[in-house]
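Chemist: got a structure for you, letters missing:
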Ligand SMILES: CSC[C@H]1O[C@H](OP(=O)(O)O)[C@H](O)[C@@H]1O
Ligand SMILES: Nc1ncnc2[nH]cnc12
């Protein structure tokens with residue numbers, strides 16, 4: 001079943017964009033473009049970690065603010081969650097100047113109050129991937145350790161939570177189900193909302209799904225890692241917005257999740273997600289215009305997270321890292 005809408009002919013767009021692009025949206029399952037914006041360029045960027053999942057579309061809002069868009073699983077959804085080239089995706093966004101990323105993801109709900117078609121802004125992550133995804137830009141010969149106790153950017157999280165009301169945030173739009181916008185502060189009594197990231201591509205067993213509930217999991221997906229870790233290493237403020245599509249497998253009164261359930265809810269959700277994305281872009285554009293330092297908190301953090309003396313590092317490794325953080329570790 002296709003989730004794609006009719007599209008502008010993106011192939012005709014220029015392949016370069018000269019301005020600065022500070023905000024990026026990563027689209028997950030069901031969100032393959034930003035239909036409410038005006039596309040102005042389509043970039044194919046080669047990185048030392050390969051090519052991104054898809055070309056990066058630069059669009060501008062009505063007020064002229066540029067936003068980069070990247071389809072996580074490719075424009076035709078041909079990449080398994082384990083095969084998403086997250087290092088290339090994040091490196092390419094960093095290379096064009098991105099300081100903040102809002103990443104969308106279709107998730108299963110592990111809690112009865114998070115209903116299919118609701119949105120969730122998580123604050124914590126539990127890693128259940130299996131170590132088969134490259135999850136760092138660093139490698140043997142050049143060692144660094146990034147801080148990850150707060151895996152999402154707190155300023156971006158607060159900005160989003162403060163500006164999107166719990167109910168009615170899609171007023172006037174597809175309201176067959178009025179979605180709730182779940183945030184730590186507004187709906188979860190200050191308790192973390194935790195996304196479990198599993199390897200997939202198969203969904204969880206009932207026993208696993210129940211286990212994740214005992215761990216305090218709120219929602220489950222296959223995508224937030226290593227994307228969020230790599231954004232941290234790239235010093236980019238990162239927040240995921242989860243779109244609930246199913247109750248996973250924990251509920252004995254329901255059939256365990258199937259792709260049909262996910263796709264059915266996504267058909268409604270993807271239009272809502274595109275509208276929500278447009279709203280969030282306006283909020284974030286305003287914040288950048290105010291100059292409050294959004295995306296600046298991490299600046300310089302990786303320079304001092306390195307354990308290896310740069311003098312002992314091979315030239316090839318330093319050259320790769322120069323793409324990500326030019327000037328941090330001069331190539332000798
Ligand atoms: C099609 S259901 C499983 C799939 O959906 C989510 O993708 P994304 O996070 O990119 O929206 C989930 O993480 C799985 O990859
Ligand atoms: N139940 C689920 N488990 C993992 N990823 C998902 N994406 C959407 N629903 C999911």
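Modeler: Okay, I see it. Note that the structure is predicted; figures quoted are calculated from it, not measured. Ligands and ions are numbered 1, 2, ... in the order given.

Chemist: Now for residue 305: which residues touch it?
Modeler: Each residue near residue 305 by CB atoms under 8 Å, 6 or more residues apart in numbering is listed here: 144, 145, 146, 147. Every residue, glycine included, has its C-beta placed from N, CA and C.

Chemist: Tell me the spacing between it and residue 101.
Modeler: Per CB to CB, to the nearest Å, residue 305 is found 19 Å from residue 101.

Chemist: any idea which of the contacts of residue 305 is closest to residue 202?
Modeler: Nearest to residue 202 among the contacts of residue 305: residue 146, at 29.9 Å, using CB to CB.

Chemist: Pull out the buried members of the contacts of residue 305.
Modeler: 144, 146 (16 or more other CB atoms under 10 Å).

Chemist: Whichever residue of the stretch 1-150 of the chain sits closest to ligand 2 - nearest residue in space that isn't next to it in sequence?
Modeler: Closest contact between the stretch 1-150 of the chain and ligand 2, by CB to the nearest ligand atom, is at residue 108 (2.3 Å). With sequence-adjacent residues excluded and distances taken as CB to CB, 6 or more residues apart in numbering, residue 108 is closest to residue 248, at 3.5 Å.

Chemist: So which residues on the stretch 201-332 of the chain come close to ligand 2?
Modeler: Contacts of the stretch 201-332 of the chain with ligand 2, taken as CB under 6 Å from any ligand atom, map to 203, 220, 221, 222, 245, 246, 248, 257, 262.

Chemist: do the same with the stretch 51-200 of the chain
Modeler: Residues of the stretch 51-200 of the chain lying close to ligand 2 by CB under 6 Å from any ligand atom are 106, 107, 108, 198.

Chemist: Nearest to residue 66 among those residues?
Modeler: residue 106 (26.2 Å).

Chemist: Pull the contacting residues for the closest one.
Modeler: Here residue 106 is in contact with 28, 29, 30, 221, 242, 243, 245, 262, 266, 269 (CB under 8 Å, 6+ apart).

Chemist: Okay, and which of those residues map to strands?
Modeler: For the contacts of residue 106, the ones inside strands are 221, 242, 243, 245, with DSSP state E as the criterion.

Chemist: So which of those residues reach ligand 1?
Modeler: Contacts with ligand 1 within the ones in strands among the contacts of residue 106, counted by CB under 6 Å from any ligand atom: residue 221.

Chemist: what separates whichever residue of the chain sits closest to ligand 1 from residue 84, distance-wise?
Modeler: With CB to the nearest ligand atom, the shortest gap between the chain and ligand 1 falls at residue 28, namely 2.4 Å. According to CB to CB, residue 28 and residue 84 sit 10 Å apart.

Chemist: any common contacting residues for these two?
Modeler: Joint contacts of residue 28 and residue 84 (CB under 8 Å, 6+ apart) are 72, 73, 223.

Chemist: what sits against the nearest residue in space to the second one that is not next to it in sequence?
Modeler: Right, residue 73. With sequence-adjacent residues excluded and distances taken as CB to CB, 6+ apart, residue 73 is closest to residue 79, at 4.5 Å. For residue 79, the contacting residues are 53, 72, 73, 85, by CB under 8 Å, 6+ apart.

Chemist: Excluding covalently adjacent residues, which one is nearest to the last one?
Modeler: With CB to CB, 6+ apart as the criterion, residue 85 has its nearest non-adjacent residue at 5.4 Å, and that residue is residue 50.

Chemist: And residue 103, by the same measure?
Modeler: Nearest residue to residue 103 in three dimensions, chain neighbours excluded: residue 26, at 4.1 Å (CB to CB, 6+ apart).
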